[in-house]
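# Mind looking at a prediction? Sequence and model below.
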Amino acid sequence: MTRYFVALQLGLVASLYSGTALADAWVQIEAQPSLTTATRSAQTYSSSLPNVAGFKLAGRWHAIALGPYADDGDAEAARRSLRAQGLIPSDSFIVDGSDFRQPFWPVGGAAVLTPAAPVEAPVAAAPAQAPTSLEAVTIAPAREETLAEARRSESTLDRAGREELQVALKFAGFYKSTIDGSFGRGTRGSMSAWQESKGYQSTGVLTTAQRAEVVGTYRAFVQSLGLTPVNDEVAGLMIDLPLGLVEFDAYAPPFAKYKSKDDSGVEVLLISQSGDEATLAGLYEIMQTLDIVPLDGPRSRKATSFTLTGTDNTLSSTTEARLQSGHVKGFTLIWPNGDDQRRDMALDAMRNWSATDAVLPDAYGDGSVQDINLLAGLDIRRPDMVGSGFYVDGKGHVLTSSSVVDQCTNITLDDIYSAKIVANENGMALLAPDDTLAPPTHAGFDMRLPRLQSEISVSGYAYGGRLGAASLNYGTMQEHVGLAGETDVLRLSLTALPGEIGGPVLATTGGVVGMLAPTPDTGRALPDDVAFAYDMEKLAVFLSGNGVTMTASENTNDMSDAQLVSTGRDITALVSCWN
């Protein structure tokens, strides 16, 4: 049994028309410049809608309309229902018929056109919203077109109609080639495959009702997005946005924020700020610290543009920005997982944005409120654990404490560079950057043990990177063994914070003499200024055993405080653990 894509039984009774149009309520669905095109269009609509009429308008135009209806309320109800099914264009509108002139459809009409009945309740339960999947609605059977009738009906399609059918078939997953309006082997094959998937006779030529089903499903899907051209004059961006799912929220430089609408879970940020290549590069780095840009996903940066994509178990995020005329412009689209087809459709539409000379100011409303944990009101992503490490060679290898990275799914160095563990034993972990990394300098090791009570310092990120650089913490050497007599441990007099664990212990010459270790569990409460470090012999065995060529410190003179701080900052890396 043939199925037709008409979800509601409209119960519309239309008789044929002759004479001047009455001033009733009509749904105008199209206007065509030529009588031939208008007649073909009216014929196509008449195959699935019973109350189609066509009238000459002023000038060269011809209107295709549905009606007449008793009043605007009935007409609007019909318009909404038919739009939701994708049977009429989304820009259809209500008119009173006063501009209608000589009728051209139906051909040879009778004397009176009876007002169409109001839209009745659906025979079967219909969805309250436009469908967001590819499921078509099954309807009551009607006479099936013959293959010859289907070919004749298809021949009335103009180029735009043929291209839309190809787009709809591609959207349904059957057409893989170019949208060109030409029904060649590829298009015919996709039609045949679609017919077979629906249980229809596989002819490679869609009947009028089958075309309505394919295109109607696609139109309803598009309509659920509410893609609308938006000209944001403040941000200086013209872009198509899914206004069915988002609505304007606020300006918070460098963003114009569009929040989720009706709990859709979709969000949009329009990017707009003055700047140069350095500004673009800075935005690229900052965006990666936000919760809305998950760590997993491809990303690329060029001199004048960048793309960031990220996915986690709840959302996907795409950010695209470019530099033009002294402005950085672009967008971020945040989309909940499990709705990829609509996301891709919205993303394709948004990529066709253009910019004007307008740009958001440096501070605007809520954007002027500063918080180290926020960027323009957006949460900055924070790692699960932060510790310190230090560069041990020119290839970017970093030595840190195992306690910093043991529970990590992802590791970054200095909040930028992804890294992996290449060795992890005896409380020490060796990290290697995923990409080539040349540190400013690397550690020079001093095998000489500092004298007892001599001054030492530890370079580390005591405050989790909030200061933007490592800080130096001063203490003294207390013993060359641990509390239980461990010969590879140094006991220090130093009040350390967790973020400093894994940092280098420096002699007054700037040479590295150990690595700050976590305080062992002794079952006792130790004084606050008791700290421990792994000594050079332990570090050397671990590093050389894992292929690291160590560099000896050549300096034998004490450094000034400023020189020590500079040396510590250059070799110390912020190690962040993400889960």
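Received, thanks.

# CA atoms for contacts and neighbours, from now on please.
OK.

# Kindly check the end-to-end length of stretch 165-182 for me.
From its first residue to its last, stretch 165-182 covers 11 Å (CA to CA, to the nearest Å).

# Contacts for it next, please.
Identification of contacts with stretch 165-182 by CA atoms under 8 Å, 6 or more residues apart in numbering yields 134, 159-163, 186-187, 190-191, 193-194, 211, 214-215, 217-218.

# Mind doing that once more with 10 Å?
In this structure, residues lying in contact with stretch 165-182 by CA atoms under 10 Å, 6 or more residues apart in numbering are 133-135, 157-164, 183, 186-194, 197, 211-219, 221, 341, 345.

# For Phe221, grab phi and psi.
In this entry, Phe221 is assigned phi and psi values of phi -60, psi -50 (degrees, to the nearest 10).

# Can you give me the neighbour number for it?
23 (other CA atoms under 10 Å).

# Could I get the phi/psi values of the closest residue to Ser274 other than its chain neighbours?
Using CA to CA, 6 or more residues apart in numbering and skipping the chain neighbours, the partner closest in space to Ser274 is His327 (4.4 Å). Backbone torsions for His327, taken as degrees, to the nearest 10, come to phi -130, psi 150.

# Filter the contacts of stretch 165-182 down to the buried ones, PyMOL style.
Buried residues within the contacts of stretch 165-182, by 16 or more other CA atoms under 10 Å, are selected in PyMOL with:
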select buried, resi 157+162+163+164+183+187+188+189+190+191+192+193+194+211+212+213+214+215+216+217+218+219+221+345
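
# Which ones among the contacts of stretch 165-182 lie within strands?
With strands defined by DSSP state E, no entry of those lies inside them.

# thinking again about what came up before, just to check, the residue nearest to Ser274 is in contact with Gly275?
Yes - the pair formed by His327 and Gly275 meets the contact definition of CA atoms under 10 Å, at 5.4 Å.

# Compare the two and say which is more crowded by neighbours.
In terms of neighbours (other CA under 10 Å), His327 is the more surrounded of His327 and Gly275; the figures are 24 against 15.

# Show me what that one is bridged to.
Legend: beta-bridge partners of His327 under DSSP bridges are Ser274, Gln324.

# For it, which residues are in contact?
With contact set as CA under 10 Å, 6+ apart, His327 has these partners: 236, 271-277, 279-280, 355-360.

# Out of the residues you listed, which comes closest to Trp335?
Within the set of the contacts of His327, Ile271 lies nearest Trp335; the separation is 17.1 Å, counting by CA to CA.

# From Ala250, how far out is that closest one?
Taken as CA to CA, the spacing of Ile271 relative to Ala250 amounts to 13 Å.

# Report the set of residues contacting both of these two.
Once CA under 10 Å, 6+ apart is applied, the residues that Ile271 and Ala250 both contact turn out to be Ala256, Lys257.

# and those two? which has more neighbours close in?
In terms of neighbours (other CA under 10 Å), Ile271 is the more surrounded of Ile271 and Ala250; the figures are 27 against 15.

# Downstream of the helix or strand in which that one is found, the next helix or strand is which one?
Assigning secondary structure by DSSP states H and E places Ile271 in strand 267-274. Stepping forward along the backbone from strand 267-274, the first helix or strand reached (DSSP H and E) is helix 277-287.

# Give me the packing partners of that next one, helices and strands only.
Under the contact criterion of 3 or more CA pairs under 10 Å, 6 or more residues apart in numbering; DSSP states H and E, helix 277-287 touches strand 267-274, strand 299-301, strand 305-311, strand 315-324, strand 327-336.

# any idea of the angle that helix forms with strand 267-274?
Computed with axes from the mean of the first three to the mean of the last three CA atoms, to 10 degrees, the direction of helix 277-287 lies at 150 degrees from that of strand 267-274.

# any residues touching helix 277-287, and which ones?
So helix 277-287 is in contact with 254, 271, 273-274, 276, 293-294, 299-308, 319-324, 326-329, 332, 375, 380-381, 415-416, going by CA under 10 Å, 6+ apart.

# Make a ChimeraX selection of the buried ones in these.
What follows is the ChimeraX syntax for the buried subset of these, where burial is set by 16+ other CA under 10 Å:
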select :254,271,273,274,276,293,294,299,305,306,307,308,319,320,321,322,323,324,327,328,329,332,375,380,381,415
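
# And the strands in the stretch 451-579 of the chain, which stretches?
For the stretch 451-579 of the chain, strands defined by DSSP state E, counting those that start in this stretch occupy the ranges 455-460, 471-479, 489-493, 504-506, 512-517, 530-535, 551-552, 572-578.
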